[in-house]
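> let me see the structure of the following:
(one chain, ligands or ions: 2)
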Amino acid sequence: MSERIVGIDLGTTNSLIAFMEGGTPVVIPGEDGVNLVPSVVALDAANQTIVGNAARKFLIETSDRAIYSVKRLMGRGVEDVHDELKFFPFRLASDLDPGEVIRIHLGEKTFTPPEISAYILRQLKRNAERYFAAPVTKAVITVPAYFNDAQRQATKDAGRIAGLEVLRLVNEPTAAALAYGLDKKKNGIVAVYDFGGGTFDISILKLHDGIFEVIATNGDTHLGGDDIDNLLITIALDEIANEHRLDVRRNGEVVQAVRKAVIDAKILLSSEPSTKLEIELPSGQRYQREITREQFETLIEPVLQRTMAPCKQALKDAGLEADQIEEVVLVGGSTRIPRVRQLVEKLFHRVPHTELNPDEVVALGAAVQASILGGSSEATNNMLLLDITPLSLGIEALGGVVAKIIHRNSTIPASATEHFTTGIDGQTNVAIHVLQGERELAKDCRSLARFDLRGIPPMPAGLPRIEVRLLIDANGILQVSAREQRSGKEAQISVQPSYGLTDDQVETMILESFDYAEQDLEQRQVIEARNEADTILVALAKGRKSPAWSALTESEKREIAEQEQALLEVKDGTDYKKIRSAIDTLNQGTTRLAELMMDTAVTSALKGQSMETVNVGQGPTAPHPIGKAEFE
Ligand code: ADP
Ligand code: MG
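Ligands and ions are numbered 1, 2, ... in the order given. So this is what the prediction gives:
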């Protein structure tokens, strides 16, 4: 049986792992039998990391040795998170430069947010491995729809650090809709109302031909079940102060006991008409109080009302009336509260879907997506699930205008190519400025990356033929490459978001991580080396058929054949270093062939001219904006 691909909901408050079993997605419980793993990471006295429920007690006892809500810091810079620091006791490393990846103190050490998230992922991975009694290395992970490129990259990095190949990042609302099989409807508008522990998100999805497009999102990043808990805690603490003449507000342990008691009561009130709140006090006294659902609802109404404005705004942004929403999906533990369900129903004039557990539905949808990617026949009709890029992508052309290459609403993965040329005679370098947005001028679009294509042979303006290719992979991550086709000069960039970790940093983190499975990396490197070997072998086969081949000497041809044979011999082995070294040798051996394969017409045209003529006014060494090509 091929390896199972799991689906993961990496939540702010809770995380879950699920997989597809016999056509139905199921959540995999932890060792304690509980499906939800609290997103809390702690370091015990022996510097062992502890994740989940067991880590929660550190939050009170040794709060400098525990971290929660780390999702709020993923892919963000120090400048971005001032707001979070008002709400959360994150202890950031003080020596951070602007633009540098944040590091957070945990005990005596510091960690980046992806490393902390990786601990959570590793715990989930272990739970699944225990459950299957087999290794798990491939996953689909969900992210909020509003996560930007940097936040998505950080999530992917967390997966890699945890030893998981992240096959796809899926938007949380899309996953929720998928868990309900709404994609089978083919067309329609879906609202996903996600009220979790500390965040509220509303997303409006448009389904066309089984493809989900997020057409509007809104929400409040500081609104959730925690606010409800805090209201109840305040009441209990006030009453304890009044009735028992006991101020326990500063007693962390008592406050925590109160917190636990009110959360239990809150949860009970979702199914019972009333419940008792009971707390043992340090004085030996007991605080007791009856609370009815009605009282509870009156108390929390202002919190619930705060979710309404973002919903209305999202509808407005989507250009829709509430009546046009065809399906409403509830996500997040806090939507278990009956009053929340009433409010949502009233707002959208629809009975929301509640058949699945709202705190599991995102993970279940991730599992559905995972099984689709795995090509499992259990999956619903092998349907292809695609996301859409919400904004156009392009590059800056001469005069500061934007040349769009991939247009908005293209289904991803997507790739597109455009041709450009130089604007100045003898120009040897061009600057490629990658942009995102719908506006015509570069200055009005979001700048994603800049890189230079250097070393173009000097040619008259307009002669170089520069192919720029943009590729967005299925996770929405962009790669850009530029190639001057006459000279074969090439440059590329994988758009590294600001605050992203570099590949090297991620690799280092993988190496440093405690439970690092050496084999995982080794395997990946073997696969990557083999893929590269295949690419060069195919290119060589092409070269043999080209006229350039006959221009090689017999001994050159023999040498290439030997190098090719050497590569073929090691290619299917498991030593990636041997494969790499054979590739390098063959690469060197075929350099002249590659050169000969270049456009001979231009080469000879250039040869015919003296370099002075070509280099009129000295080609600029500083990269100059690329010009839109006239040919074709
Ligand atoms: P997140 O997506 O933010 O990680 P969850 O979807 O797991 O979080 O939601 C967690 C929140 O749901 C917590 O505030 C928890 O107290 C609340 N919650 C869970 N079950 C219930 C329930 N039955 N009634 C009310 N609130 C609940
Ligand atoms: Mg959630």
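
> tell me the helix or strand right after the lengthiest helix in the chain.
Counting by DSSP state H, the longest helix found in the chain is helix 518-545. Note on helix 518-545: by DSSP states H and E, the next helix or strand toward the C-terminus is helix 554-571.

> still on that earlier bit, pLDDT (mean, whole number) over the longest helix of the chain?
Averaged across helix 518-545, the pLDDT comes to 75.

> do the same with stretch 21-41
If you average the pLDDT over stretch 21-41, you get 94.

> next to ligand 2, which bits of the stretch 51-200 of the chain? Give me the list.
For the stretch 51-200 of the chain, the residues in contact with ligand 2 (C-beta under 5 Å from the ion) are Gly196. C-betas here are computed from N, CA, C, even on glycine.

> how about the residues of the stretch 51-200 of the chain by ligand 1?
Selection of the stretch 51-200 of the chain residues close to ligand 1 by C-beta under 6 Å from any ligand atom yields Gly196, Gly197, Gly198, Thr199.

> hang on, isn't Lys443 packed against Val401?
No - in this structure Lys443 lies outside contact range of Val401 using C-beta atoms under 8 Å: 10.2 Å.

> the two: which is more packed in?
It is Val401, of Lys443 and Val401, that has more neighbours when counted by other C-beta atoms under 10 Å, with 14 against 10.

> that one and Ala442 touch, don't they?
Yes - using C-beta under 8 Å, Val401 makes contact with Ala442 at a distance of 6.9 Å.

> need the contact list for Leu16.
Going by C-beta atoms under 8 Å, 6 or more residues apart in numbering, Leu16 touches Ile8, Asp9, Val27, Asn35, Leu36, Val37, Leu124, Asp359, Glu360, Val362, Ala363.

> can you list those in JSON lines and add neighbour count and distance to Val140?
Shown next, in JSON lines, are the contacts of Leu16 (neighbours: other C-beta atoms under 10 Å; distance: C-beta to C-beta, whole Å):
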{"residue": "Ile8", "neighbour count": "30", "distance to Val140": "7"}
{"residue": "Asp9", "neighbour count": "31", "distance to Val140": "10"}
{"residue": "Val27", "neighbour count": "21", "distance to Val140": "14"}
{"residue": "Asn35", "neighbour count": "19", "distance to Val140": "17"}
{"residue": "Leu36", "neighbour count": "21", "distance to Val140": "19"}
{"residue": "Val37", "neighbour count": "25", "distance to Val140": "17"}
{"residue": "Leu124", "neighbour count": "29", "distance to Val140": "12"}
{"residue": "Asp359", "neighbour count": "23", "distance to Val140": "18"}
{"residue": "Glu360", "neighbour count": "22", "distance to Val140": "15"}
{"residue": "Val362", "neighbour count": "33", "distance to Val140": "11"}
{"residue": "Ala363", "neighbour count": "35", "distance to Val140": "10"}
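
> closest to Gly219 out of those residues?
Proximity of the contacts of Leu16 to Gly219 (C-beta to C-beta) peaks at Val362, which lies at 14.7 Å.

> from what I can see that closest one touches Asp9, true?
Yes - using C-beta under 8 Å, Val362 makes contact with Asp9 at a distance of 4.2 Å.

> what do these two both touch?
In terms of C-beta under 8 Å, 6+ apart, Val362 and Asp9 are both contacted by the residues Leu16, Thr142, Glu172, Ala175.

> please flag which of those sit within strands.
Counted as lying in strands by DSSP state E, out of the shared contacts of Val362 and Asp9, are Leu16, Thr142.

> just the helices in the stretch 251-400 of the chain please.
Using DSSP state H, counting those that start in this stretch, the helices of the stretch 251-400 of the chain run over 252-269, 293-305, 308-318, 338-348, 361-373.

> turn these into a markdown table, including distance to Gly181.
Output for the helices of the stretch 251-400 of the chain, formatted as a markdown table (distance: least, C-beta to C-beta, whole Å):
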| stretch | distance to Gly181 |
| --- | --- |
| helix 252-269 | 28 |
| helix 293-305 | 28 |
| helix 308-318 | 22 |
| helix 338-348 | 19 |
| helix 361-373 | 8 |
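
> just say which of those is most tucked in.
By mean neighbour count, with neighbours taken as mean count of other C-beta atoms under 10 Å, helix 361-373 ranks first of these at a mean of 29.

> helices and strands around that one, which ones?
When contacts are defined as 3 or more C-beta pairs under 8 Å, 6 or more residues apart in numbering; DSSP states H and E, helix 361-373 packs onto strand 6-10, strand 14-21, strand 24-27, strand 138-143, strand 165-171, helix 172-179, strand 327-331.

> rank these by mean pLDDT and give me the bottom one.
For these, the stretch scoring lowest in mean pLDDT is strand 165-171; its value is a mean of 90.

> gap between the residue nearest to the spatial centre of the chain and ligand 2?
Taking C-alpha atoms, centre = their mean, the centroid of the chain lies closest to Arg152, which sits 2.5 Å from it. Going from Arg152 to ligand 2 by C-beta to the ion, to the nearest Å gives 16 Å.

> isn't that residue up against Ile477?
Yes - between Arg152 and Ile477 there is a contact at 6.7 Å, judged by C-beta under 8 Å.

> where does the chain have low pLDDT?
Applying pLDDT under 70 to the chain picks out residues 1-2, 376-391, 408-412, 438, 474-476, 496-503, 505-506, 509-524, 597-632.

> could you rerun that using 50?
377-386, 497-499, 514-517, 599-624, 629-632 (pLDDT under 50).

> interface residues of it facing ligand 1?
Listed as neighbours of ligand 1 in the chain under the rule C-beta under 6 Å from any ligand atom: 11-14, 196-199, 224-226, 263, 266-267, 270, 332-334, 336-337, 359.

> filter these to the buried ones?
Buried members of those, scored by 16 or more other C-beta atoms under 10 Å, are 11-14, 196-199, 224-226, 263, 266, 270, 332-334, 336-337, 359.

> for ligand 1, give me its nearest residue in the stretch 351-500 of the chain.
The minimum distance from the stretch 351-500 of the chain to ligand 1, using C-beta to the nearest ligand atom, falls at Asp359 (3.9 Å).
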